[in-house]
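K.L.:
Here is my input; please provide its structure:
(one chain, ligands or ions: 1)
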Amino acid sequence: MKKKIFALCVTVIFACGAAFAAPAANAEKLSVICSNFAEYDFVRQITGDLASVKMLLRPGMESHSFDPTVKDILDLQTCGLFVYVGGDSDAWVDKVLASFDKGKGPRVVKLMDLVETVPEEIVEGMQHDHDHDGDDDHGPDCDHGHDHDAKEEGHHHHHDGEEPELDEHVWTAPENAIQIVKKLGEVAAELDPGNKAQYASRAAVYLEQLRRLDDDFRKLIEGSKRREIIVGDRFPFLYFCREFGLKYYAAFPGCANQTEPNPETVAFLIDKVKQDGIPVVFHIELSNGQMARAIADATGAQVRLLNAVHNVSAEDFEKGITYLDLMRHNLNVLKEALN
Ligand SMILES: [Zn+2]
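P.N.:
Below is the predicted model:
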């Protein structure tokens, strides 16, 4: 009996020794998991080789219907930092985080907590759920509480009686990206104080590049002929357009699930392009671009990609494309669209 207890003690001590040894080997690098590409790139810019950074979405994957695998959940539980957006597409996150034992699991940064959020907007011509029974007048001419006179002053108006959800695409405005990167830099330094100075200097360099980007958008838009864009697609650019005072028309609010092209919406956007002499119609990344092409075919406008930086293709991921690359592309196509 005594022998057995002794053996047990040794085993326990040995096991503890092993348990202490294992994290020490892994503790060399801060491990970070990010839910989408924008976050992944922000963290990568700040940490360089100092951290191991993983994107939860696989390149090319649709970001609004993501479901974590068992391995993803295990990885999340053991990583040092988890960065996610919040909002509708990340609804799974709360449940997963709540399933972790108290005091365990990663440090968490939620983008929507870092900046001022706004509800999704329904603008004229947009396709959206009405929740009105027995009424098939769903289109630009509908009159369910829309105040069409508000167009003159506001252009944007909400549908009465509907609770619009908060728009999650906060990272699309460079000013928000700046706030997010500042926070991520601080958190990386807290979690890995040994590399604090390096995180600070890398973040400072990156923040400067983001400020220049913000400035370039501002100058372009201030100096351009028009301040209006047409997006023949879902519309994840609310924060971007608000930041730079751009008026917009688009097919769907936010990244609505309902994306079957509605002929009335297409007709409305075609009229807009003709009326306002719009030279470019946009589609978003990883979209089939069908509606934008239909509008362009009917009007002679050009089709261009406006990146919302949810995710990138496998090819671009391999190439190491960045948020700044994608936003610089946006700057170039906006130059065409606004002049
Ligand atoms: Zn989206």
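
K.L.:
Apart from its chain neighbours, what residue comes closest to the closest residue to the ion within the chain?
P.N.:
Relative to the ion, the nearest point of the chain is Cys255 (3.1 Å; CB to the ion). C-beta: built from backbone N, CA, C; applies to glycine. Distances taken as CB to CB, 6 or more residues apart in numbering put Arg234 closest to Cys255, at 4.8 Å, once the chain neighbours are dropped.

K.L.:
element containing the one you found, please.
P.N.:
strand 228-235 (DSSP states H and E).

K.L.:
What average pLDDT does the helix or strand just after that strand get?
P.N.:
Counting by DSSP H and E, the element after strand 228-235 in chain order, helix or strand, is helix 238-244. Computed over helix 238-244, the mean pLDDT rounds to 98.

K.L.:
does helix 238-244 come close to the ion?
P.N.:
No - contact of helix 238-244 with the ion is not found when judged by CB under 5 Å from the ion; the minimum separation is 10.3 Å.

K.L.:
Pull the number of nearby residues for Gln275.
P.N.:
By the criterion of other CB atoms under 10 Å, Gln275 has 8 neighbours.

K.L.:
That one should be in a helix, yeah?
P.N.:
Yes - membership of Gln275 in a helix is supported by DSSP: H, G, I helix; E, B strand; the rest coil.

K.L.:
so who does the residue of the chain closest to the ion touch?
P.N.:
Residues near Cys255 by CB atoms under 8 Å, 6 or more residues apart in numbering: 64, 89, 168-169, 234-236, 310.

K.L.:
go on, Leu111?
P.N.:
39, 83-86, 170-171, 180.

K.L.:
Leaving out chain neighbours, which residue sits closest to it?
P.N.:
Using CB to CB, 6+ apart, the closest residue to Leu111 is Val85 (4.8 Å).

K.L.:
and if you look at Ile178?
P.N.:
Closest residue in space to Ile178, ignoring its immediate chain neighbours: Leu210 at 5.0 Å, by CB to CB, 6+ apart.

K.L.:
who in the stretch 201-339 of the chain is up against the ion?
P.N.:
236, 255.

K.L.:
mind redoing it with 8 Å?
P.N.:
234, 236, 254-255, 308, 310 (CB under 8 Å from the ion).

K.L.:
Among those residues, list the two that are farthest apart in space.
P.N.:
Gly254 and His310 (11.7 Å; CB to CB).

K.L.:
so what's in contact with these two at the same time?
P.N.:
Joint contacts of Gly254 and His310 (CB under 8 Å, 6+ apart) are 169, 236.
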